[in-house]
Each structure stands twice: as structure tokens, then as C-alpha cells.
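> please find the sequence and the predicted model below.
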Amino acid sequence: MAAPMELSCWGGDWGLPSLHPESLTVMAYAKFSGAPLTVNTINNSWRTPKGDVPVLISEDTVISQPAKILNFLRKQKYNADYELSAKQGADTLAYIALLEEKLLPALLHTFWVEAENYCSVTKPWFASRIPFPLSLYLPGKMSREALNRILLTKGGPPLYSLTEVEAQIYRDAKECLNLLSKRLGTSQFFFGNTPTTLDAFVFGFLAPVYKVCFPRVQLQEHLKQLPNLCRFCDDILTCYFRLTVSDG
């Protein structure tokens, strides 16, 4: 019998099992591959062994970062990609790289840097789930880390000002959404009728943009103009997370 596996991740709201893209990605992949994870929603990421979420614990093994967690699950024979061709496997890696380069900066900006969103939604939501006194400090730390991550990838020449960086990251993100919509077309999932790693990553990145109620919603507005991507998120929530969400 396989060793029990526990996943620690941020919790959810707005009909999502988690608000955290990386946590959502791992949760979706586990559902797709049939991996029997016990999910623990934690309210303070510093309680996890490596100080980051999501974290998978199986016996003495502690793994963080979605790609490493998914590789571990595949080694345990929970593989959502076993029917993919070599070309489809290469496409998966290319699209995940595209998501991380083009969509993630705008996602981080929407949640953690856009002042109105951060002050009215993100900061109070996370602060209410983190014990005092860390609740006074940790959301600000997460916001600074998000900004640093954006500037690390986007803040060099020729984009010197934050305004220029912001304009570029949203252009890139909208272009990425358009490419994903075109690639998905009328299919249920990205490689046909069965969800794979790529579907888990796309869902993890898109669902928070789609569902969280922010005052500043330029990325959400663009996503809602692409009905096949919205249907994709809704289908996964309905088929794989209905009980999780209604319990939440």
C-alpha cells in the first residue's frame, strides 16, 4: 500500500478550493491523476517545513514547488500524461514556460501589487487567515516578494518605470490568454477529452483571475471575453472540486 501523502496549501474562497495558483495546480493534478492526497489548508506558510506552499509530505519526504511535486506523484504511478505523445509532452513544457513568463507577472500584479486590489481584497483576506502578530507582517512580505519577482523578470531595459512594466505585463498576459484560447478551441481539455499536466497549470493560473472579486479587473475582463477558457475553469470546478468547494 502506498504511503499516505499530505498536501499543505492555502485555502480557498469565491468558489475556489484555493486562491493560490501553485496550490490549485497541484490540487488539480492530483484530482486528474487519482493521487490520494489529504489536503490540509494552512493559514500560515511559515508552519510548513520549508516555509513555502504548496508542500507535499510523504513519510520522510518533503517536496515543495509544483513541478517537483508533480514529478514525485508521477514516480508514485499517478500520471495524468501517460497517453501523451513526445510532441505533446514538449508542447506541455513550452506552454508552462509561456504561462510563467507571460501570465504569472500579471497575476502577481493583480493580487499583490495593484494597490486597490491589495488593500481591499488580498491583504485583508490573507491577514484574516494568519495568526496575530504575523498577520501584520506576512501579507506585506508577500506583496514585496511579488513585486521583486515581477521586476526580476520584467524590470530591465527598455522598461525602466513601473508604469511601463505594468503596461507590458498586462499586454503579455492578454496575448498569452489569447494563445491559450486559440489552442484550446472547442476541446474540453488541451489534449482532447482527458485532463493532463498542462490543464492543471492553466487551471491553477486562470481560476483565481476568473473567480476572485477585485475592484480592478482588467485581466479578468479580458479572460471573460474568452468563453472557452471560462468554460474550461467552470468544468474543472464542477467535475473535480464540487464537494471541496461546497464544503469550504
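Received the coordinates, thanks.

> who's in contact with stretch 25-35?
When contacts are taken as Cβ atoms under 8 Å, 6 or more residues apart in numbering, the neighbours of stretch 25-35 outside the stretch itself are 5, 7, 9, 17-18, 37, 39, 54, 56, 66, 69-70, 73-74, 76, 78-80, 194-197, 199-201, 203-205, 236, 240-241. C-beta here means a position set from N, CA and C on the backbone, and glycine is covered the same way.

> touching the helix or strand hosting residue 165 from outside, list them.
Following DSSP states H and E, the helix or strand that holds residue 165 is helix 162-184. Under the criterion Cβ under 8 Å, 6+ apart, residues 95, 98-99, 101-103, 105-107, 109, 150-151, 154-155, 158-159, 190, 202, 206, 218-219, 222-223, 226, 228-229, 232 lie in contact with helix 162-184.

> leaving out sequence neighbours, find the closest residue to residue 11.
Of all residues not flanking residue 11 in the chain, residue 41 sits nearest, at 3.6 Å (Cβ to Cβ, 6 or more residues apart in numbering).

> tell me the contacts of that neighbour?
8, 9, 10, 11, 12, 18.

> at 10 Å what do you get?
The contact partners of residue 41, taken as Cβ atoms under 10 Å, 6 or more residues apart in numbering, are 7-12, 17-18, 20, 23, 53, 129, 248.

> give me the local confidence score for it.
What the model reports as pLDDT for residue 41 is 86.

> next: the one 5 residues further on.
Reading off the confidence values, residue 46 has pLDDT 54.

> residue 242: how many residues sit nearby?
Burial of residue 242 is recorded as 10 neighbouring residues (other Cβ atoms under 10 Å).

> among the contacts of stretch 25-35, which ones are buried?
Among those, the ones that count as buried by 16 or more other Cβ atoms under 10 Å are 5, 7, 9, 17-18, 37, 39, 54, 56, 66, 69-70, 73-74, 78-80, 195-197, 199-201, 203-205, 236, 240-241.

> what about the helices in this structure?
21-33, 66-75, 86-98, 104-108, 115-117, 123-127, 134-154, 162-184, 197-211, 218-223, 227-240, 242-247 (DSSP state H).

> could I get those as JSON lines with mean pLDDT?
Converted to JSON lines, these look like this (pLDDT from 0 to 100):
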{"stretch": "helix 21-33", "mean pLDDT": "96"}
{"stretch": "helix 66-75", "mean pLDDT": "94"}
{"stretch": "helix 86-98", "mean pLDDT": "96"}
{"stretch": "helix 104-108", "mean pLDDT": "95"}
{"stretch": "helix 115-117", "mean pLDDT": "96"}
{"stretch": "helix 123-127", "mean pLDDT": "92"}
{"stretch": "helix 134-154", "mean pLDDT": "86"}
{"stretch": "helix 162-184", "mean pLDDT": "93"}
{"stretch": "helix 197-211", "mean pLDDT": "97"}
{"stretch": "helix 218-223", "mean pLDDT": "95"}
{"stretch": "helix 227-240", "mean pLDDT": "97"}
{"stretch": "helix 242-247", "mean pLDDT": "52"}
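
> residue 60 is nearest to which of the ones you listed?
helix 66-75 (12.9 Å; Cβ to Cβ).

> orientation of that closest one relative to helix 86-98 in degrees?
When axes from the mean of the first three to the mean of the last three Cα atoms, to 10 degrees is applied, the directions of helix 66-75 and helix 86-98 differ by 150 degrees.
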